[in-house]
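Engineer: how would this look folded up:
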Amino acid sequence: LPSFADADGIPEQEQAEPASMAPDLAVPEDAKKNVLDSPLNPAEQSESVLTPAADPHPEVAAPGADPAVILLREVFDARQNALAATCRLQLESSSNKQENAAARELAEKQVRIMDERTAQPDASYKEECACHEETARFLRRLAKNNHSEQAAQIRQNLLHSASPKEAEDFLDQFSLDTSNRPTLAAQAAFLSGRLAERRVDLVLALERYSRALRIAPDNSEYLSNAAHLAHTLGQDRPAATWQESMVRLIGRQPGCTAVDIALAQRDLAYTYLQAKHFEKAAPLYKTAMATLSEALGNNHPEMASGWFQLGEMQENQGAYDKAQTLYRRAIDILESNLGRLDPHLIPVLDKLARLSMDTGQEKEAASHYLHLLAILEKYLPADHPQLAATLTGLAKACRLRGEYAQAEQYCQKSLQINESLHGREHPVIVAQLKELSLLYGKQGRLEQAQRYLEEAEAIEEKLPRQEEGTATVQQDAPLAERSSLTLNTER
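Structural biologist: Okay, here's the model as predicted:
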């Protein structure tokens, strides 16, 4: 393993004792209103097997497990697409209505989560199945041990209905009943939180995870889910508190391995990184990466996750050359293990392409954008906004290199996608028309340049005045922000 201090610029120092931080889960009222209550979860049918015969990755039920829920893949995909569209519309609405920054940020996070699920449909499908099956098993336990006819009926409805919302609401109420056993109440709160998170109702899910932890503060599964979601929501203080507890607890878990401890340390380090506490993140990364290298080998995908996060830390500290080296290292590992078009490459390629643009390396940026575009075109719908954002970046790289014909092609394609999503009178369209005007001006095609500029200005006059930085948030938000490159690998 290369020396972290010499090769990657991470300071050699002893690990600092993390400061104790009390979770603060205050959420602005406007953000709390951003709840997607539509029943968009997939349909469940009979009780025989988990996956339909057409699924190339069949699941094997554990011995004695509850009869599995069938989630037909085509139904799941349709409902996920509908949920993704709802999230995008909600983001668009929050921008148009000039809601406060917290509400917009929450809508952006919901869109990014759905983008990630769309790019990794198999993993998302299995997660949904696992969540529904765990809920069905718990309801059967309540029906048997508590003699609850209501739990039995809701379990049957979950197995056969199109939405698990009834089960979610029942478990939420069960967890609030102080007459129930604490362990059952905690698990009910946790499962209702998981179901809410599958609907990307993130604020509600975190409230329920917090409730579960107030009852059972040493449950590692509750801690892990709560910390991850708090990190997603940008609540670094509670995320760090829960992850610190995870690091302390995990070593005492039966069957815990050195890899488990290293992964928990790395998760904590990433939360410190996001909070700009580099002095706390660096020693944790050093310890975790050394353990993972020894246990898994330098070419394991988990090493790629670590190098990606370390690249982010170097970039945040202004060490751009080192950041690019680490991003390339992560890409090499992922390609050798998962293939050149695997969706796990998306956040790394996006980061590297943007950083290459920022450092004036347009040729490298164009290459990375082309690679990224090939992956997105494989996994995302043809009218997806992230395709448009990548095409826009690629067009700019080509323009700066003097490749005007290619730049025009990519810019027009991006404009077509954005117009299908937003209509003609939208801030994103204004930005792209101005880019086309600049592009034609560079080629001496002044009449076309003037026409695009005039149209952009005419549309801009009709638009309501917006706060700076909010007009193109969906178009310009980098894909890499939505993920810390968490791999869906078996551990």
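
Engineer: roughly how far apart are D260 and A269?
Structural biologist: According to C-beta to C-beta, to the nearest Å, D260 and A269 sit 15 Å apart. Where C-beta positions appear, they are placed from N, C-alpha and C, glycine not excepted.

Engineer: and the two? Which one has more around it.
Structural biologist: Neighbour count, other C-beta atoms under 10 Å: between D260 and A269, A269 has more, with 29 against 16.

Engineer: contact partners for the more buried one?
Structural biologist: Applying C-beta atoms under 8 Å, 6 or more residues apart in numbering, we find A269 in contact with 280-282, 284-285, 288, 309.

Engineer: A431: which of those is nearest?
Structural biologist: Among those, Q309 lies closest to A431 (C-beta to C-beta), at 31.0 Å.

Engineer: low-scoring stretches of the stretch 51-200 of the chain, by residue?
Structural biologist: Residue ranges of the stretch 51-200 of the chain with pLDDT under 70: 51-70, 95-99, 161-162.

Engineer: where along it do the helices fall?
Structural biologist: Secondary structure of the stretch 51-200 of the chain by DSSP state H, counting those that start in this stretch: the helices cover 73-96, 101-119, 121-145, 149-160, 165-176, 182-198.

Engineer: now the angle from the longest one to helix 165-176?
Structural biologist: Going back to what we said before, that points to helix 121-145. Calculated by axes from the mean of the first three to the mean of the last three C-alpha atoms, to 10 degrees, helix 121-145 forms an angle of 50 degrees with helix 165-176.

Engineer: list the helices and strands helix 121-145 packs on?
Structural biologist: For helix 121-145, the packing partners by 3 or more C-beta pairs under 8 Å, 6 or more residues apart in numbering; DSSP states H and E come out as helix 73-96, helix 149-160, helix 165-176, helix 182-198.

Engineer: out of those, which is closest to E335?
Structural biologist: Closest among the helices and strands packed on helix 121-145, using C-beta to C-beta: helix 73-96, at 26.9 Å.

Engineer: what angle separates that closest one from helix 101-119?
Structural biologist: Using the same axes, to 10 degrees: helix 73-96 against helix 101-119 is 150 degrees.

Engineer: and helix 73-96, which residues are buried?
Structural biologist: In terms of neighbour count (16 or more other C-beta atoms under 10 Å), helix 73-96 has its buried residues at 73, 75-76, 79-80, 83-84, 86-88, 90-92, 94-95.

Engineer: ok, now which ones touch L387?
Structural biologist: Counting by C-beta under 8 Å, 6+ apart, L387 touches 373, 376-377, 380, 414, 417.

Engineer: any idea which of those is least confident?
Structural biologist: Of all the contacts of L387, L380 carries the smallest pLDDT score, 89.

Engineer: distance of it from N81?
Structural biologist: From L380 across to N81, the span is 11 Å (C-beta to C-beta).

Engineer: need the residues touching each of the two.
Structural biologist: Taking C-beta under 8 Å, 6+ apart as the criterion, L380 and N81 both touch T118.

Engineer: and stretch 404-412, average pLDDT?
Structural biologist: For stretch 404-412, the mean confidence score works out to 94.

Engineer: what's next to that stretch, contact-wise?
Structural biologist: Residues contacting stretch 404-412 (C-beta under 8 Å, 6+ apart): 391-392, 394-396, 398-399, 432, 435-436, 439-440, 442-443.

Engineer: just the buried members of the residues you listed?
Structural biologist: For those, a neighbour count by 16+ other C-beta under 10 Å gives the buried set as 391-392, 394-396, 398-399, 432, 435-436, 439-440.

Engineer: how about TSV for those, with secondary structure added?
Structural biologist: Conversion of these to TSV gives the following (DSSP: H, G, I helix; E, B strand; the rest coil):
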residue	secondary structure
L391	helix
T392	helix
L394	helix
A395	helix
K396	helix
C398	helix
R399	helix
Q432	helix
E435	helix
L436	helix
L439	helix
Y440	helix
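
Engineer: about what we covered before: which of the contacts of L387 lies closest to R199?
Structural biologist: The closest of these to R199 turns out to be L380 (C-beta to C-beta; 21.0 Å).

Engineer: distance check, the closest one against D218.
Structural biologist: For L380, the distance to D218 equals 40 Å [C-beta to C-beta].

Engineer: more neighbours: which of these two?
Structural biologist: Of the pair L380 and D218, L380 is the one with more neighbours under other C-beta under 10 Å, namely 19 against 11.

Engineer: does the more buried one touch A119 like I think?
Structural biologist: Yes. At 6.4 Å, L380 counts as touching A119 under the criterion of C-beta atoms under 8 Å.

Engineer: for the stretch 201-350 of the chain, just list every one of the helices.
Structural biologist: Remark: helices assigned in the stretch 201-350 of the chain by DSSP H, counting those that start in this stretch are 202-215, 220-232, 236-250, 258-274, 278-296, 301-316, 320-338, 346-358.

Engineer: now the ones you listed in JSON lines, with mean pLDDT and distance to Q448?
Structural biologist: Shown next, in JSON lines, are those (pLDDT from 0 to 100; distance: least, C-beta to C-beta, whole Å):
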{"stretch": "helix 202-215", "mean pLDDT": "97", "distance to Q448": "45"}
{"stretch": "helix 220-232", "mean pLDDT": "94", "distance to Q448": "44"}
{"stretch": "helix 236-250", "mean pLDDT": "93", "distance to Q448": "48"}
{"stretch": "helix 258-274", "mean pLDDT": "95", "distance to Q448": "44"}
{"stretch": "helix 278-296", "mean pLDDT": "97", "distance to Q448": "48"}
{"stretch": "helix 301-316", "mean pLDDT": "97", "distance to Q448": "38"}
{"stretch": "helix 320-338", "mean pLDDT": "97", "distance to Q448": "36"}
{"stretch": "helix 346-358", "mean pLDDT": "97", "distance to Q448": "25"}
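
Engineer: and those: which comes nearest D115?
Structural biologist: Nearest to D115, of all these, is helix 346-358, at 8.9 Å by C-beta to C-beta.

Engineer: show me what the next helix or strand after that closest one is packed against.
Structural biologist: As assigned by DSSP states H and E, the chain's next helix or strand after helix 346-358 is helix 362-379. Judged by 3+ C-beta pairs under 8 Å, 6+ apart, helix 362-379 is in contact with helix 101-119, helix 346-358, helix 385-400.

Engineer: could you dump the ones you listed into a markdown table with distance to A167 added?
Structural biologist: Listed next are the helices and strands packed on helix 362-379 as a markdown table, based on distance: least, C-beta to C-beta, whole Å:
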| stretch | distance to A167 |
| --- | --- |
| helix 101-119 | 21 |
| helix 346-358 | 33 |
| helix 385-400 | 32 |
